[in-house]
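**Student:** Attaching a predicted model along with its sequence, questions to come.
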Amino acid sequence: MSDKTRLRIAMQKSGRLSKDSQELLKQCGVKINLNEQRLIAYAENLPIDILRVRDDDIPGLVFDGVVDLGIIGENVLEEEELRRKASGEEANYKMLTRLDFGACRLSLAVPQDAEYTGPESLNNMRIATSYPQLLRRFMTERGLKFKSCLLNGSVEVAPRAGLADAICDLVSTGATLEANGLREVDVIYRSKSCLIQQNNPLEPAKQQLIDKLLTRIQGVMQARESKYIMLHAPKSKLKEVVALLPGVEDPTILPLANEDDRVALHMVSQENLFWETMEQLKAVGASSILVLPIEKMMN
Ligand SMILES: Nc1ncnc2c1ncn2[C@@H]1O[C@H](COP(=O)(O)OP(=O)(O)OP(=O)(O)O)[C@@H](O)[C@H]1O
Ligand SMILES: O=P(O)(O)OC[C@H]1O[C@H](OP(=O)(O)OP(=O)(O)O)[C@H](O)[C@@H]1O
Ligand SMILES: [Mg+2]
């Protein structure tokens, strides 16, 4: 019997979200010894157990209170929530935060040469998808009907195989659509991965651990999109230099040992610094420009 006092987190075992989910927990200081075969992994330094499952099962595990937290794509979460509600079941959870990976869109696509002037072109057509609920919501909102061809994989081959007129599937680069002679015509849903918690109140120690983990996750995400910038600049050009730096507040200004008219500037930028900006900085007189990654952050 598993230890109910330990926090249980469900994440995808193998697929698009697995590596990023594992990496996120690692960066939050959760030490997990993942053996590829094991369904469950135990953190060494915190009372946390990781349950590794098919992503489709994660929303249900959280709704049913079997696990405390889940890392899941919003597309799968919302599809399962709509499915449960449509069949009169409960689907309760708390959204803790959106995460910074797993970005994709759920799109309608038709064969390259098919005519398409808007979603109404698909009225009463057969559409292959793994997301019938999200598709139904989109079509119903527009007063349109469709025949569903439910496929849990290889959705893109359906039109060529004569199974459907169009598809509704996940896209990120569009390479899979192109390889299958399909054209993306409408985006019906934009998704990222997210962290959800079961809706039942948890005992205080568990909730405190979740709160701590959430603060760390937010710190990790903030650090990932921030940079530490150091440069030298003429005192007379400080305003121009700072104006070129996106998301910088209150730079630290330090004197340079043997130069009276130049100073060193240290600052945290909320955005990455592009080569173009570095060239502009140099043009206004900045030199020794360093852009460093930030590992952790806490405000
Ligand atoms: N091309 C993509 N780029 C980025 N994220 C994606 C992409 N495709 C899917 N995702 C996101 O990753 C999630 C998992 O995708 P994946 O293809 O690994 O699922 P799966 O094949 O259903 O896996 P499982 O075996 O766990 O059921 C998707 O639900 C979506 O949120
Ligand atoms: O627009 P693209 O960059 O080509 O990505 C889209 C593809 O990615 C996903 O599948 P995945 O590669 O994860 O494999 P799967 O079909 O086995 O889930 C999705 O289901 C698409 O097929
Ligand atoms: Mg799946």
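**Tutor:** Structure received. Ligands and ions are numbered 1, 2, ... in the order given.

**Student:** Report the buried residues of the helix or strand where residue 210 lies.
**Tutor:** For residue 210, the enclosing helix or strand under DSSP states H and E is helix 204-224. Under the neighbour-count criterion of 16 or more other C-beta atoms under 10 Å, helix 204-224 has 206, 209-210, 213-214, 216-224 buried. Glycine gets a C-beta too; all of them are placed from N, C-alpha and C.

**Student:** Name the nearest of those residues relative to ligand 3.
**Tutor:** Nearest to ligand 3, judged by C-beta to the ion, of these is residue 217 at 23.0 Å.

**Student:** Now do the contacts for that closest one.
**Tutor:** In this structure, residue 217 makes contact with 24, 28, 97, 99, 195, judged by C-beta atoms under 8 Å, 6 or more residues apart in numbering.

**Student:** show me what contacts the residue nearest the centre of the chain?
**Tutor:** By C-alpha atoms, centre = their mean, the chain has its centre lying nearest to residue 101, at 3.0 Å. When contacts are counted by C-beta under 8 Å, 6+ apart, residue 101 touches 17, 20, 24, 192-193.

**Student:** again, but for residue 180
**Tutor:** For residue 180, the contacting residues are 156-157, 159-160, by C-beta under 8 Å, 6+ apart.

**Student:** Most neighbours among the contacts of residue 217, which one?
**Tutor:** Using other C-beta atoms under 10 Å as the neighbour test, the contacts of residue 217 are led by residue 24, with 24 neighbours.

**Student:** quick check, the helix or strand it falls within touching ligand 3?
**Tutor:** Secondary structure from DSSP H and E places residue 24 in helix 18-27. No - judged by C-beta under 5 Å from the ion, helix 18-27 and ligand 3 are separated, with a smallest distance of 11.5 Å.

**Student:** Please name every helix or strand in contact with that helix.
**Tutor:** Contact partners of helix 18-27 among helices and strands, from 3 or more C-beta pairs under 8 Å, 6 or more residues apart in numbering; DSSP states H and E: strand 7-12, helix 204-224.

**Student:** pLDDT score for the nearest residue to residue 221 once chain neighbours are set aside?
**Tutor:** Nearest-residue entry for residue 221: residue 100, 5.0 Å, with adjacent residues in sequence omitted and distances by C-beta to C-beta, 6 or more residues apart in numbering. pLDDT, residue 100: 96.

**Student:** just checking, residue 100 touches residue 224?
**Tutor:** Yes - using C-beta atoms under 8 Å, residue 100 is in contact with residue 224, at 6.5 Å.

**Student:** Any idea how many residues pack against the residue nearest to residue 288 when sequence neighbours are not counted?
**Tutor:** Leaving aside its chain neighbours, residue 288 sits nearest to residue 232 (4.7 Å; criterion: C-beta to C-beta, 6+ apart). Using other C-beta under 10 Å, residue 232 has 18 other residues around it.
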